[in-house]
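Engineer: one predicted model, sequence on top.
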Amino acid sequence: MIQVIAAAGDNFWNFNVGHLIDLGIVAMAWLGYRIDKKRSNRERDERIEKERKEREGILEKQTSMHVENQQQLRHLADFHEEQMRVNLRRDEQIAQLQQQTVKLTQLAEGQERRLRMLEDGPGRRT
């Protein structure tokens, strides 16, 4: 351990080589600290900027995916509406065909009755 003993004639304002070396060491340490702090701040800022750009890229991708999904949903809704119209027309056609089938069945039954009446002869009606 180094002991500093002030001599009787030493004044606070008197500098010697040891004091200058100590002052240089403190100044170098302080400059090293400032440089290190500046570097760490720059690295932190670069990291934050990189993360911000990554988030923006992800956000842009999500936005484009969202727009694509909306378009697909709109297309699907349009297709569904068209399919519902087609199904409704099909149901109407089926109903018309059923009515026509009933009418044709009635006509066929009437024709069959007339044929039986003709086969049985004019005098015999059942």
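Structural biologist: Alright, I've got the coordinates. Not measured: the values here are computed from a predicted model.
Engineer: make it CA atoms for all contacts and neighbour counts henceforth
Structural biologist: Noted.
Engineer: do you know how far the residue most central in space within the chain is from Glu54?
Structural biologist: Geometric centre of the chain, nearest residue: Gln62, 3.9 Å, by CA atoms, centre = their mean. Distance, Gln62 to Glu54, by CA to CA, to the nearest Å: 12 Å.
Engineer: now swap in Gln99 and tell me
Structural biologist: Using CA to CA, Gln99 is found at 66 Å from Glu54.
Engineer: same check, this time on Leu20
Structural biologist: Leu20 is 50 Å from Glu54, where distance means CA to CA.
Engineer: again with Glu43
Structural biologist: Distance, Glu43 to Glu54, using CA to CA: 16 Å.
Engineer: how about Asn16?
Structural biologist: Asn16 is 57 Å from Glu54, by CA to CA.
Engineer: comparing these two, which shows the higher neighbour count?
Structural biologist: Between Asn16 and Glu54, counted using other CA atoms under 10 Å, the more crowded position is Glu54 (12 against 8).
Engineer: can you tell me the SS state at that one?
Structural biologist: Here Glu54 is recorded as helix under DSSP: H, G, I helix; E, B strand; the rest coil.
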